[in-house]
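# structure for the following, please:
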Amino acid sequence: MTYKSRKITVAPMMDWTDRHCRQFHRQITRHSWLYTEMVTTGALLHGDVPRHLQFNDEEHPVALQLGGSEPADLAQSAKLGEQWGYDEINLNCGCPSERVQKGAFGACLMSEPALVADCVKAMKDAVSIDVTVKHRIGIDDIQSYEFVRDFVGQIAEAGCSTFIVHARNAILKGLSPKENREIPPLKYEYAYQLKKDFPQLEILINGGIKTIEEIDLHLLYTDGVMLGREAYHNPYLMATFDQRYYGDDAPVKSRAEVVEAMLPYISAQLAEFGQGSGPKGGGLRLNSITRHMLGLMTGLPGARVFRQTLSDSKKLALGDPALLLEAMTRMQGLRDYVEHKHV
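Sure thing, here's the model as predicted:
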């Protein structure tokens, strides 16, 4: 199936963008591309494939992000991703964590463009879906634009036509992954210049983008915008994306309608996997789904009450999806809006 462009995408975020999170985001925006958490080749080739690759049909378009540096392993993992129905395979060349570095992949791969090119070629030979690369603009104290330009140029020669540019350097030693998302300065102009130098490529920009005004500005110079933390903490920001960026004239869902749309999904998931303490304890915890929804009311009076209600461990332990309705009706000053779906 052909999907609309990657004008707006939601970043792969470890421990956050699991299939429950993506199902929730899909209730808010129908056309924005969603990305999985990074999945390592080792986890797929030597682990529980269904646990890592299972997703919901409603998530399309959805991309699988892989972490690895062995072309053959990446090719085999990409093939699995295609077989499971993903619409894109994305190679992680941007994660700076020490755990990833020990596996010799992530951001440290930017120092080995020939290897990345081999990895991309191997994956492209193995699948018919798009193979894309997400990367930084430099590593450690390498600040020159020429570094990222040459990296993109060499990978493009291997057949990659879509690059997602996190417009910061990755500091491989001395900064935590969180600090790597905040401390290295943003250099959006590097992504803009990449689009000028490689007009035939699809260039998406990522890093610190929080508002519609910022998105609109970046789209003047790049092909698409990838949102990260803002999409997670303030998900209703995405409510108008389908109309604004994809020309879909379907009515924008209210927050109440988003919650109501999630209730059948939550009930079905609890029925399929059983209420429990997670995979190791048998069953699925209600919190495994509702934790992704805590930011839905961000910016509204009563948002704190909504979050507190959904964080009540005793209520969560009951495993009743109606807790979401209770959280909405408890929002101070918004009871009438919720009842009439005007939230």
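
# contact partners of stretch 302-312?
For stretch 302-312, the external contacting residues (Cβ atoms under 8 Å, 6 or more residues apart in numbering) are 290-291, 293-297, 315-316, 323-324, 326-328, 330-334. For glycine as for every other residue, the C-beta is placed from the backbone atoms N, C-alpha and C.

# same thing with stretch 225-238?
Counting by Cβ under 8 Å, 6+ apart, 7-11, 13, 16-17, 21, 24-25, 28-29, 32, 164, 181, 204-207, 209-212, 215, 218-219, 255, 258, 292-293, 295-299 sit against stretch 225-238.

# the same query, at a cut-off of 6 Å, please.
8-11, 16, 28-29, 164, 204-206, 209-210, 215, 218, 295-296, 298 (Cβ atoms under 6 Å, 6 or more residues apart in numbering).

# among those, which lie within strands?
8-10, 164, 204-206 (DSSP state E).

# which of those residues are buried? Put it as a PyMOL command.
Filtering the ones in strands among the contacts of stretch 225-238 down to the buried ones (16 or more other Cβ atoms under 10 Å) takes a single PyMOL command:
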select buried, resi 8+9+10+164+204+205+206
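
# low-confidence ranges in the stretch 151-300 of the chain?
The stretch 151-300 of the chain contains residues with pLDDT under 70 at 275-283.

# and whichever helix or strand Glu257 is part of, how far out from the chain middle?
Using DSSP states H and E, Glu257 sits in helix 255-273. Here helix 255-273 is found 21 Å from its chain centre; the criterion is Cα atoms, centre = their mean, to the nearest Å.

# elements contacting the helix or strand that comes right after it?
Heading C-terminal from helix 255-273, the first helix or strand you meet, by DSSP H and E, is helix 287-290. With contacts defined as 3 or more Cβ pairs under 6 Å, 6 or more residues apart in numbering; DSSP states H and E, helix 287-290 has no helix or strand neighbours.

# re earlier: which among the contacts of stretch 302-312 count as buried?
Applying 16+ other Cβ under 10 Å to the contacts of stretch 302-312 flags 290, 293-297, 315-316, 323-324, 327-328, 331, 334 as buried.
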